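Asker: Give me the fold of what follows.
(chains A and B)
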Amino acid sequence: MVWLAQPLILMPCLAAGAFEARITDAEGAPVADAVLSLHALDFTPPAVADTPRASMDQRNRRFDPYVLPVRLGTLVKFPNSDDIRHSVYSFSAPKRFKLPLYKDTPSAPIIFDQPGVVVLGCNIHDWMLGYIYVADTPYFGKADAQGKVDIEGLPAGRYEVTLWHPQARSRTPQVMETAPVDVSALARVYSLEMRSAPQNSQPTSSVPSVEDKFKRWRQ
Amino acid sequence: MRALSFRTRILAALACVIACVLAPIFVVVYSAIRASMIEHAEVSLETGARVFAQSMRERDEQLLYAVRQAASDFGFKEAVATGDVPTIRSALENYNKRIGASEALVLSLEGEVVASTIVELPGSPIYPVLSELIREAEDTPFARATVVFGGAPHQLMAVPVEAPERVAWAVMGFVMDETLVAILKALTGLEISFVGYGKRGRNAVMPLPSTLVPPLRDALASTLGTNAEVSEPYVMHLRDAEYLTLKIPLEAGGRHEVGAVLQIPLEHGGQFRALGNRLVLISLLALGVALVAAFILAHGVARPLNRLVTATQRIAQGDYRHTVEIQRSDELGALATSLNTMQSAIAEREDRIAHQAFHDTLTGLPNRALAHDRLRSAIEHARRNGNTVGVLMIDVDRFKEINDTLLGHHTGDQLLIELGRRLRATVRASDTVARLGGDEFLTLVEGQNLEAALLVGAKLKAVMAEPVKLGTVEVVTEVSIGVSVYPDHGEDAEALLRRADIAMYEGKRTRQSPTAYKAGREEEHLHRLALVNDLRRAAPNNELVVHYQPKIELGTRAVTQVEALMRWRHPRYGMVPPDEFIPLAEQSGHIRALTHWLLDTVVRDCSVWRREGIEVGVAINISVTDLTSVDLPSIVEGRLREHGLEPGHLTLEVTESSVMRDSGKIILMLESLDKCGVRLSIDDFGTGYSSLSHLKRLPVHELKIDKSFVLDLMNNTSDAVIVKSTIDLGHNMGLRVVAEGVESEESLKLLRSYSCDMAQGFHISKALPLIEFIAWFKQYEQLRTASAPPATEISRIKVL
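Answerer: Here you go, the predicted structure:
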């Protein structure tokens, strides 16, 4: 969150408000890693002064963080904290890339210059899954473990609230509402319909058990 | 035929017993075999079903592995993620070849086909099914379906393509074709059939690849039923064969569009049929052996039984000559022995009965029946040959006396035996000697005319007259013999016997034997028989009348007595003379009744006329039979007392022969009568053989000279001498003498000159009925008292 606050400070607008949201699933349990973004409807946000930078690490054969929201045009580097090699790739439309097997940080960071969700995989470890959310707005945040998102320093005005989560029923970012923001903080609770977690079980037989049909003669 | 039916019955019974024993055995064994067979089949089916399930799972896993392999290939993922369809299709074909899958597809997450190796059928049912499958599958790691297309079920496996997120579904399939079922059959040892179950409303079961031959597939489809659920093992009939059957749906879960049918034939390898055939064979063999045994047994019983039946039928027909030969130690042998014993016993008894039926048990001579028979056949023989047959009827005189009184029955029997023996010994062997019964014998002499027969009779009489020594007694028997001869005296046996009998009785009467039958005697005999029969009713029917013949005192010519003479006015024959019916009455025993009637009538009449002043007594004839009945004196006294007649007016005339026969009893009787006060007269005097000393002892008052001496008195001097000397004799013994048969005045005069006391005869009067006698008497007395009438005038007195 710290790194998020930084661009807001740079903003020229004086009047600033805050947006606070809590994300739950249908049952009311907190949903972590949901990305909430606010799109200003009444003004154009200021352009990026410097190219933002971000990092998607690979640690313990997982992407870390699992979800990385970045502003459009961010340079993301993919360090490797494991002592094994990874081969990160993405076939997602906003950014298709393939990093050859590497250890440590690859040679150059990749710029994400198209908005959208970029799904990251590792060609070696199929289960490794990571997301980079490329937002075309400076106002966005990621839910913490308690499902809380805090966005501060918002210029007053109306905003379109979109919400996205890798396991949400909707695979694309979802417009939740148009929220008016002024100097006072705005608190919201959003419920997301989630997909069930994928199981990875072996198939049961297509032939039902017939053992119980043969008990007649053996007993 | 009865023996055959007996045999058949034994056979049938044994067959039944064997069938009854074998049938349950057969059923039990059959059931046991069948149960065991089903059990074995079920074990095989279970094992096979496990192998089948295992095989199917392996195929699933193989398929899943293959699809996962494909889906996880980075190049494939890239192609799918980037929508590079040609690359995808070529990759799919590559994977197909690699694992021998029959089809491979890539579907979008929405279920639309991205790429497919299935070239034909754009509208193939596989696509909607797969779309549905994938839509439903969502986040599941894989999805499976068995879908029928192209005539076979296809085992399909869908796996998501993750790049790295799920971007599409890769699908691969194995076709479940004839090759598969053949492999499965080889693995499981079962008949494997796939079937398609009709979807919603369509009930038809579709035959799919199967190890069964096509006709059986169709039969299976039509037999199976639309319930696709897993079944218990059950027996299914397909055509001629039975299969233990198990239905297994090939989709766990709600969709049962395709199923497998696992079957094992019950008669696998024909074991059961062979066993069953063997059992049937054993049953038939047992039945056959039993039938042969039964046949032998039945034959062994039936043949001797047949012979016994034949023997009994022979015996029933009276043939006793053969014995039954059955050499057996069992009941049949005993039966045969018994039958033989019975046969000889019957023969013996029959001989005896036959002999008894035709022979007299006492003398052993033929009896009446056999004698008749012999006589009939002799007549028959004689008729053909113009020959003669002599019939001699022999009766022992006074046998009854011998038998009853003198010697007893045993002696009588001995006598008859001896007489029979003598008869038999006297005649020729060819002649018949029979005992007809009692003391009656019969001798038949064939070929003898009357003279010869009479000679035989004379010879027999002489032989029979020889004394017979019976114990200490010697008996001399007289026999009466009557002779009749065929054809002289009759044409048939009955007539000849009857006439010989008549001749025999005549001989007995006349004491002349042998006596030949004389023509007309039978008629007389019958007449006599009729008279005897009618005699019983003569008195009750008022057919008897009494006529009175006067007797006159020769001195005074006064009528002092009448002789009462019985007359019988027979309703058919008219007046029957006493000479005829009195002897018949004596012979038949009716005489006593007649005498009683006469006594009653006469005493009454006499008392009547005496009360009218006619001083005349009455005389009646008493037979020898009457004299032997001890109640005669009391009856006489009773009559006299009843009618109030003085005893002296009643005279009882007894014949000389009767008083001379049995002196003691007769004298006692005469003395009793004398005591009654009645007069006694000896009738027919001169015809008997009276001894004077005997005569002297008799308490009689009168002699009556037999009319045979008086009738011709005038012309026969010897008669006159007899009459005169008899009169003198009587007078000398103090007796009055009466002459009867006086028929002329001259005789009357002569008798008077002989000093005869009384006379009786037609010259004086014939016998008259009571009324006429009274009239005659009055007229006679008138004439007599008016003047001494000339003797000739007596005869002129006639009753008007």
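Asker: drop to CA atoms for contacts and neighbour counts, all remaining ones
Answerer: OK.
Asker: What residues sit buried inside the longest strand along chain A?
Answerer: Longest strand in chain A by number of residues (criterion: DSSP state E): strand A:16-25. The neighbour-count check on strand A:16-25 (16 or more other CA atoms under 10 Å in any protein chain shown) flags A:16-19, A:21-25 as buried.
Asker: how about the helices of chain A, start to end?
Answerer: Remark: helices assigned in chain A by DSSP state H are A:2-9.
Asker: For it, give me the ranges with low pLDDT.
Answerer: Chain A contains residues with pLDDT under 70 at A:1-15, A:183, A:197-206, A:211, A:214-219.
Asker: at 50 what do you get?
Answerer: Applying pLDDT under 50 to chain A flags the ranges A:1-14, A:217-219.
Asker: dump the residue contacts of the residue nearest in space to the middle of it.
Answerer: Taking CA atoms, centre = their mean, the centroid of chain A lies closest to A:Val67, which sits 3.7 Å from it. A:Val67 makes contact with A:33, A:130-133, according to CA atoms under 8 Å, 6 or more residues apart in numbering or on different chains.
Asker: got it, and B:Ala558?
Answerer: With CA under 8 Å, 6+ apart, B:Ala558 has these contacts: B:552, B:781, B:784.
Asker: where's it relative to B:Glu615, distance?
Answerer: 10 Å (CA to CA, to the nearest Å).
Asker: quick one, longest helix in chain B?
Answerer: Chain B, longest helix under DSSP H: helix B:2-72.
Asker: Remind me what that one packs against, helices and strands.
Answerer: helix B:85-99, strand B:152-162, strand B:166-175, helix B:178-188, strand B:241-249, strand B:258-265, helix B:271-316 (3 or more CA pairs under 8 Å, 6 or more residues apart in numbering or on different chains; DSSP states H and E).
Asker: List the residues that contact residue 158.
Answerer: Assuming you mean chain A. For A:Arg158, the contacting residues are A:40-42, A:178-181, by CA under 8 Å, 6+ apart.
Asker: Oops, wrong one, chain B.
Answerer: B:64, B:67, B:134, B:142-144, B:169-172.
Asker: following the longest helix of chain B, which helix or strand shows up next?
Answerer: helix B:74-82 (DSSP states H and E).
Asker: quick one: that next one near chain A?
Answerer: Yes. Helix B:74-82 is in contact with chain A by CA under 8 Å from any CA of the partner chain, via B:74, B:78, B:81-82.
Asker: just checking, what packs against that helix?
Answerer: helix B:85-99, strand B:152-162, strand B:166-175.
Asker: re earlier: which residues sit against the longest strand of chain A?
Answerer: A:30-32, A:34, A:143, A:146-156, A:181-194.
Asker: For B:Glu646, see how far away B:Arg610 is.
Answerer: Taking CA to CA, one finds B:Arg610 at 10 Å from B:Glu646.
Asker: B:Ser193 is in what secondary structure piece?
Answerer: strand B:191-197.
Asker: Domains in chain A, by residue range?
Answerer: Chain A resolves into domains spanning A:4-45+A:139-192, A:53-134 when parsed by automatic domain parsing.
Asker: export the ones you listed to TSV and tack on distance to A:Asp212?
Answerer: Output for these, formatted as TSV (distance: least, CA to CA, whole Å):
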stretch	distance to A:Asp212
domain A:4-45+A:139-192	40
domain A:53-134	39
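Asker: Identify whichever of those domains lies nearest to B:Leu392.
Answerer: domain A:4-45+A:139-192 (158.8 Å; CA to CA).
Asker: quick check, distance from the closest one to the centre of its chain.
Answerer: 13 Å (CA atoms, centre = their mean, to the nearest Å).
Asker: Just list whatever residues bridge to A:Ile23.
Answerer: A:Tyr190 (DSSP bridges).
Asker: any idea how far it lies from A:Leu129?
Answerer: On the measure of CA to CA, A:Ile23 and A:Leu129 end up 22 Å apart.
Asker: Next: A:Arg62.
Answerer: Distance from A:Arg62 to A:Leu129, by CA to CA: 7 Å.
Asker: More neighbours: which of those two?
Answerer: It is A:Leu129, of A:Arg62 and A:Leu129, that has more neighbours when counted by other CA atoms under 10 Å in any protein chain shown, with 21 against 18.
Asker: Tell me how many other residues surround the closest residue in space to that one that isn't next to it in sequence.
Answerer: Nearest residue to A:Leu129, sequence neighbours excluded (CA to CA, 6 or more residues apart in numbering or on different chains): A:Gly121, at 5.1 Å. Look at A:Gly121: counted by other CA under 10 Å, it has 26 neighbours.
Asker: ok, now which ones touch A:Gly121?
Answerer: A:87-90, A:127-130, B:163-164.
Asker: ok so, going back, closest one of the buried residues of strand A:16-25 to chain B?
Answerer: A:Asp25 (17.5 Å; CA to the nearest CA).
Asker: In contact with the closest residue to chain A within the stretch 301-450 of chain B, which residues?
Answerer: Closest approach between the stretch 301-450 of chain B and chain A, counting by CA to the nearest CA: B:Val301, at 54.4 Å. Neighbour list for B:Val301: B:Leu332 [criterion: CA under 8 Å, 6+ apart].
Asker: Any part of stretch B:104-111 near chain A?
Answerer: No. Applying CA under 8 Å from any CA, one finds stretch B:104-111 separated from chain A by no less than 11.8 Å.
Asker: which parts of the stretch 151-300 of chain B sit against chain A?
Answerer: B:163-165, B:230-233, B:248-252.
Asker: ok, 10 Å please
Answerer: B:155, B:162-165, B:229-233, B:246-253, B:259-260 (CA under 10 Å from any CA of the partner chain).
Asker: What subset of those is buried?
Answerer: For those, buried by 16+ other CA under 10 Å: B:155, B:162-165, B:230, B:232-233, B:246-252, B:259-260.
Asker: Scan the residues of helix B:74-82 next to chain A and report the most crowded one.
Answerer: Highest neighbour count within those: B:Ala81, with 23 neighbours (other CA under 10 Å).
Asker: Quick check: that residue touching A:Ser92?
Answerer: Yes. Between B:Ala81 and A:Ser92 a contact is recorded at 8.0 Å, counting by CA atoms under 10 Å.
Asker: Mutual contacts of the two, please.
Answerer: With contacts taken as CA atoms under 10 Å, 6 or more residues apart in numbering or on different chains, the residues that reach both B:Ala81 and A:Ser92 are B:163-165.
Asker: Format those as a markdown table; extra columns: pLDDT and distance to B:Phe295.
Answerer: Formatted as a markdown table, these follow (pLDDT from 0 to 100; distance: CA to CA, whole Å):
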| residue | pLDDT | distance to B:Phe295 |
| --- | --- | --- |
| B:Ala163 | 81 | 96 |
| B:Pro164 | 82 | 96 |
| B:Glu165 | 83 | 95 |
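Asker: quick revisit: can you check which residues contact both of A:Arg62 and A:Leu129?
Answerer: Common neighbours of A:Arg62 and A:Leu129 (CA under 10 Å, 6+ apart) are A:121-122.
Asker: quick one on the thing from earlier: mark which of the contacts of B:Ala558 are buried, thanks.
Answerer: Counted by 16+ other CA under 10 Å, the contacts of B:Ala558 give B:552, B:784 as buried.
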